[in-house]
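Asker: Fold the following and give me the result.
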Amino acid sequence: MNQKKNISKIRNIGIMAHIDAGKTTVTERILYYTGKSHKLGEVHDGEAVMDWMQDEQDRGITITSAVTTCQWQQSTIQIIDTPGHVDFTVEVERALRVLDGAIGVFCAVGGVEPQSETVWRQADRYRVPRMAFINKMDRTGADFFAAVVSIKEKLAANPVIIQVPMGAEDRFAGVIDLVDMQQIRWDDESLGATFVMEDIAPEFADLAEEYREKLLEAVSEQDDTIMEKYLGEEEITKADLTVAIRSATISRKLVPVLCGSALKNKGIQPLLNAIQSYLPSPLDVPPVRGIHPETGDPIDFPPEKNGPLAALIFKVSMIEGRKLSFARIYSGKIEAGADVFNPVLKKKEKLSRILLMHANKRERLKEASAGDIVGIVGLKDSGTGDTLCSPEHPVFLERMEYEDPVISIAIEPKTHADQEKLDNVLEKFTIEDPTLKVSKDEETGQTILSGMGELHLEIIISRMRKEFNTQVNVGNPQVVYREVVTAPARGEAVFDREISGKTHYARVRIQLQPLDRGAGVSFVNKAPEDQIPAQFGPAIEQGIRESLEGGYLKGYPLVDVGIVLQGGAYEEGKSTDLGFSVCASMACKDALEKASLALLEPIMQVEVFVPDAYMGDAIADLNTRGGKVESITPKTNIQIIHAVVPLAKMFGYSTALRSATQGRGTFTMKFDRFDRV
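Answerer: Numbering: from 1, shown residues only. From the prediction side, this is the model:
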């Protein structure tokens with residue numbers, strides 16, 4: 001029982017939001033009030049504990065997801081603070097993959113903003129139970145109820161208000177807890193560490209009654225016990241209500257909504273209580289499911305300390321030149337100095353150290369078990385998305401999918417000494433970041449760096465210079481295009497050559513045909529068995545796919561193309577996989593030479609936030625960039641312009657927008673689709 005009791009007290013949660021909604025400030029307050037840090041770190045002073053990288057402190061934004069552990073009453077809360085900027089969504093994706101619950105932080109002024117929609121959809125995909133915290137209640141223009149409506153409308157969620165604010169803007173005085181039916185006020189002298197719970201003041205009594213009634217209605221729709229008591233007008237106790245809200249939150253039928261002002265130190269302790277009361281422990285979520293590497297059978301791993309080991313590496317960091325792997329242990333336990341098995345690589349790895357993480361500080365552990373999120377030192381070859389298990393119980397846990405990069409820059413070392421360092425540094429970055437791709441331009445000899453956006457690449461270059469003292473010259477950003485065939489095209493080739501004393505013979509006839517946008521690359525084998533035996537099919541497919549990667553028009557990958565293998569010829573004893581692979585590649589090139597081809601360019605979804613007075617200028621600028629304005633949403637004193645714009649025309653947009661709006665305009669941009677140039 002002891003083991004179950006301990007796991008039931010663990011809360012693995014993520015804090016996610018749009019950039020500048022106050023996620024990191026919320027996390028800093030949690031660390032302060034749980035005694036994990038003894039000083040309030042402020043993002044705007046560059047002193048936030050969770051933003052420990054130099055670039056994070058300089059820019060006041062979160063770039064990497066940081067992991068920390070703290071204690072609140074009887075619970076162990078393991079928190080991942082994720083970035084809010086669209087260029088770093090991979091960090092959010094990795095965190096959500098291993099979390100049991102999450103808190104969406106929303107700005108009381110902005111409500112649901114574009115990036116909070118993106119991360120909410122990611123959490124939907126991983127079926128993560130959530131709560132919402134409406135932050136910045138002290139800001140001018142703060143509107144708690146409008147923010148709740150935007151959660152309902154934009155996120156298609158079912159928010160249930162369990163706290164209402166006492167006033168707003170500079171009159172924000174505290175919160176009313178609708179479960180306890182008491183008001184909570186914080187003491188400014190103690191930086192919010194002390195607070196009082198008291199009877200609800202008369203001026204807030206009607207508001208509290210109205211929303212208590214709405215809370216009971218919403219919960220009774222999800223819980224039969226509450227429904228019976230509510231209809232029978234029996235007393236509904238705090239314990240009844242807490243159990244019902246917890247159950248509905250874990251089954252993702254409700255999203256409890258709380259509020260406060262992290263910067264003004266109000267609202268954090270009730271948030272911690274709500275994490276403990278309503279978000280799931282590892283025992284409350286379905287056991288993780290994996291696949292047996294040999295049989296392909298599904299296997300479930302309940303969170304048991306004495307069960308077989310199942311752990312997932314969700315992130316790798318290179319800190320001070322050493323490889324640190326972050327892992328979530330779903331089942332079993334790991335011990336420092338012991339061996340673990342990586343079924344992807346089919347090899348054993350040694351865990352030299354296990355670390356309890358606190359941002360970039362760490363504490364050594366002898367062992368860790370089901371439910372824990374820890375840092376591991378000593379894994380040489382295992383990477384992001386790999387499973388760790390025992391050789392007796394091999395399993396693949398589901399790997400993570402990443403979007404392709406949309407923007408590239410050319411870099412070259414400034415000196416010969418930098419050249420030697422560069423390859424080493426880039427290897428470290430690509431181990432850390434699966435969305436960063438490195439390639440060589442054969443014509444110019446330059447190194448091409450591809451990433452998720454201008455900021456993403458800017459920070460990689462900055463880290464190169466600051467952390468690794470590697471100086472590089474950087475070329476202008478280039479857009480990563482794609483190529484497509486616009487009409488069916490046939491190709492044929494014969495390969496008959498002697499290599500290393502062995503003859504390789506193959507004849508291949510194929511057709512390439514256009515597919516719908518976003519369909520990817522498909523391969524169909526329609527060759528008669530007497531012309532090409534089925535055993536050569538995989539080699540032919542591989543040869544064609546590799547050929548398509550290099551493109552034809554401008555060297556960009558070909559996408560949305562269907563490959564049909566129509567026929568060919570083989571000779572007994574002379575035909576080989578190598579022969580068919582090379583021949584298929586030649587046939588593909590033959591087809592591309594005859595084909596009509598077109599370029600696709602990345603089109604971005606852009607949201608521009610501008611004060612009313614500058615809206616005309618902002619729209620005119622988007623029009624000159626080939627953008628299409630799709631809609632305009634008015635908000636208090638600002639307009640939100642929704643547009644789609646080719647990425648190639650968006651370079652330098654932030655500077656242009658700032659100068660056109662006297663620094664008051666902001667925008668967010670995310671990849672939407674590829675379209676014909």
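
Asker: So for the residue lying closest to A338 once chain neighbours are set aside, what's the pLDDT?
Answerer: Excluding the flanking residues, the one nearest A338 by Cβ to Cβ, 6 or more residues apart in numbering is L351, at 5.8 Å. Yep, even glycine has a C-beta here, placed from its N, CA and C like the rest. Here the pLDDT value assigned to L351 is 89.

Asker: Go ahead and confirm L351 touches K380.
Answerer: No - the criterion here is Cβ atoms under 8 Å, and L351 misses it with K380 at 11.2 Å.

Asker: quick one: contacts for the residue nearest to A338?
Answerer: Neighbouring residues of L351 by Cβ atoms under 8 Å, 6 or more residues apart in numbering: 334-340, 376-379.

Asker: And for T661?
Answerer: 610-611, 614, 617-618.

Asker: Could you list which of those belong to strands?
Answerer: Judged by DSSP state E, those include 610-611 as members of strands.

Asker: biggest separation within the contacts of T661, which pair?
Answerer: P611 and D617 (10.6 Å; Cβ to Cβ).

Asker: need the strands for the stretch 51-200 of the chain, in chain order.
Answerer: Assigned by DSSP state E, counting those that start in this stretch, the strands in the stretch 51-200 of the chain fall at 66-72, 75-81, 101-107, 130-135, 159-161, 163-166, 174-177, 182-186, 195-198.

Asker: swap in the stretch 201-350 of the chain?
Answerer: 255-259, 288-291, 298-301, 310-319, 322-331, 333-335, 339-342, 347-350.

Asker: The first one pairs with which strands?
Answerer: Counting by DSSP bridges, the strands paired with strand 255-259 are strand 130-135 (parallel), strand 159-161 (parallel).

Asker: picking that back up, which of the strands of the stretch 51-200 of the chain is buried the deepest?
Answerer: Between these, strand 130-135 has the highest mean count of neighbours, a mean of 27, where neighbours are mean count of other Cβ atoms under 10 Å.

Asker: tell me the mean pLDDT for that one?
Answerer: Rounded mean pLDDT across strand 130-135 is 95.

Asker: what's the answer for stretch 468-475, then?
Answerer: Per-region confidence: stretch 468-475 scores 83 on mean pLDDT.

Asker: so which of the contacts of L351 comes closest to R497?
Answerer: Closest approach between the contacts of L351 and R497, by Cβ to Cβ: L379, at 43.3 Å.

Asker: Neighbours of the closest one, how many?
Answerer: Neighbourhood size, L379 [other Cβ atoms under 10 Å]: 21.

Asker: Now do the contacts for it.
Answerer: By Cβ under 8 Å, 6+ apart, the neighbours of L379 are 313, 323, 325, 349, 351.

Asker: Switch the residues you listed over to TSV; also include distance to T225.
Answerer: As requested, the contacts of L379 are arranged in TSV below (distance: Cβ to Cβ, whole Å):
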residue	distance to T225
I313	42
K323	51
S325	45
E349	49
L351	46
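
Asker: Out of these, which comes closest to T576?
Answerer: E349 (35.9 Å).

Asker: since we're on the closest residue to S261 other than its chain neighbours, how many residues are nearby?
Answerer: In space, and not counting its chain neighbours, S261 is closest to D138: 4.3 Å by Cβ to Cβ, 6+ apart. D138: 21 surrounding residues under other Cβ under 10 Å.

Asker: contacting residues for D138?
Answerer: With Cβ under 8 Å, 6+ apart, D138 has these contacts: 169-170, 172, 261, 263-264, 266.

Asker: now P646
Answerer: So P646 contacts 601-604, 625-627, 675 (Cβ under 8 Å, 6+ apart).

Asker: swap the cut-off to 7 Å and go again
Answerer: Contacts for P646 (Cβ atoms under 7 Å, 6 or more residues apart in numbering) come out as 601, 603, 626.

Asker: Wait, a strand at the first one?
Answerer: Yes - with the criterion set as DSSP: H, G, I helix; E, B strand; the rest coil, the secondary structure at E601 is a strand.

Asker: burial measure for the residue lying closest to it once chain neighbours are set aside, as a count.
Answerer: In space, and not counting its chain neighbours, E601 is closest to V677: 4.9 Å by Cβ to Cβ, 6+ apart. Using other Cβ under 10 Å, V677 has 12 neighbouring residues.

Asker: What's the separation between V677 and A493?
Answerer: Counting by Cβ to Cβ, to the nearest Å, the gap from V677 to A493 is 30 Å.

Asker: Which stretches in the stretch 551-677 of the chain count as strands?
Answerer: With DSSP E, counting those that start in this stretch as the criterion, the stretch 551-677 of the chain has strands spanning 561-569, 597-611, 628-635, 638-646, 666-676.

Asker: can you pull the pLDDT of the residue nearest to S261?
Answerer: 91.

Asker: and it, how far is that from A108?
Answerer: On the measure of Cβ to Cβ, D138 and A108 end up 8 Å apart.

Asker: repeat for Q182
Answerer: Computed as Cβ to Cβ, the Q182 to A108 distance reads 22 Å.

Asker: repeat for S325
Answerer: 38 Å.

Asker: more crowded one of these two?
Answerer: Comparing S325 with A108 by other Cβ under 10 Å, the one with more neighbours is A108, at 28 against 24.

Asker: Can you give me every residue that contacts that one?
Answerer: By Cβ under 7 Å, 6+ apart, the residues touching A108 are 134-137, 139, 142-144, 147.

Asker: Filter those down to just the ones in helices.
Answerer: Among the contacts of A108, the members found in helices (DSSP state H) are 144, 147.

Asker: Pick the one among the contacts of A108 closest to I77.
Answerer: Nearest to I77 out of the contacts of A108 is N135 (Cβ to Cβ; 18.2 Å).

Asker: Enumerate every residue touching the closest one.
Answerer: 21-22, 26, 105-108, 260-262.

Asker: could I get those residues as a markdown table with distance to T666 and pLDDT?
Answerer: Shown next, in a markdown table, are these (distance: Cβ to Cβ, whole Å; pLDDT from 0 to 100):
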| residue | distance to T666 | pLDDT |
| --- | --- | --- |
| A21 | 13 | 72 |
| G22 | 16 | 77 |
| V26 | 21 | 85 |
| V105 | 18 | 91 |
| F106 | 17 | 93 |
| C107 | 12 | 90 |
| A108 | 17 | 92 |
| G260 | 24 | 94 |
| S261 | 21 | 92 |
| A262 | 21 | 88 |
